[in-house]
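Trainee: model this:
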Amino acid sequence: MATKIDKEACRESYNLVRDDNNDVNWVIFKYDGHMIVPDSQGTSYNDFKVQCTSDRVIFAFHRIITGDAMSKRAKFALITWIGDKITVLQRAKVSTDKSLVKEVVQNFAKEFVFCDPHELTEEYIKQELEKSGGANYDAQLE
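Mentor: Coordinates of the predicted model:
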């Protein structure tokens, strides 16, 4: 059976992360049978990271504040987590299912795919987002 996405519910969660008027900076989309639905949301990256377990595939949308002394701005990342206990068939399905998520999550600076929990650091994501962010006036101070 083909995977579907609950676009309305996922869009609501996506918009929460994009909204500067609240503290929500990540949302997880998960499989519920053959449907992709919002799962959880939060403000602490560690709360997000503990949900990336070896038996799960999740898609996440994450906001990180980047910038330098001259300007701060929100940058967004689309993160795909594939746990190491996920079967080959499930892994193959992730890329096609991700296209459904991208119908809702349309604005992000960088996309990440992680399978190793040691790679899943907020600092790494922030560094990569800063590289895609343009001018960095703090670099002149080095």
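Trainee: for the chain, what spans make up the strands?
Mentor: Listed in chain order, the strands of the chain (DSSP state E) span 4-5, 26-32, 35-42, 57-67, 72-82, 110-114.
Trainee: by contact count, what packs against the helix ranked longest in the chain?
Mentor: Across the chain, the longest stretch assigned as helix under DSSP state H is helix 88-104. Counting by 3 or more C-beta pairs under 8 Å, 6 or more residues apart in numbering; DSSP states H and E, the packing neighbours recorded for helix 88-104 are strand 4-5, helix 7-18, strand 35-42, strand 57-67, strand 72-82. Using the backbone N, CA and C atoms, a C-beta is placed for each residue, glycine as well.
Trainee: buried stuff in the second one?
Mentor: Along helix 7-18, the positions that meet the burial threshold by neighbour count (16 or more other C-beta atoms under 10 Å) are 10-11, 13-14, 16-17.
Trainee: Now do the helix-or-strand element of the chain with minimal mean pLDDT: distance to the chain's middle.
Mentor: Within the chain, no helix or strand scores below helix 122-131, which has a mean of 90 by mean pLDDT, DSSP states H and E. Relative to the chain's own centre, helix 122-131 is displaced by 13 Å; criterion: C-alpha atoms, centre = their mean, to the nearest Å.
Trainee: Could you check the angle that helix makes with strand 26-32?
Mentor: Interaxial angle, helix 122-131 versus strand 26-32 (axes from the mean of the first three to the mean of the last three C-alpha atoms, to 10 degrees): 110 degrees.
Trainee: returning to what we had before: pick the most buried one from the helices and strands packed on helix 88-104.
Mentor: Per-stretch averages of neighbours, counted by mean count of other C-beta atoms under 10 Å, single out strand 57-67 among those, with a mean of 20.
Trainee: now it and strand 72-82, what's the angle there?
Mentor: Using the same axes, to 10 degrees: strand 57-67 against strand 72-82 is 160 degrees.
Trainee: neighbouring strands for strand 57-67, and are they parallel or not?
Mentor: If you go by DSSP bridges, strand 57-67 pairs up with strand 26-32 (antiparallel), strand 72-82 (antiparallel).
Trainee: Among the ones you listed, show the one with the smallest mean pLDDT.
Mentor: Between these, the one with the least mean pLDDT is strand 72-82; it has a mean of 93.
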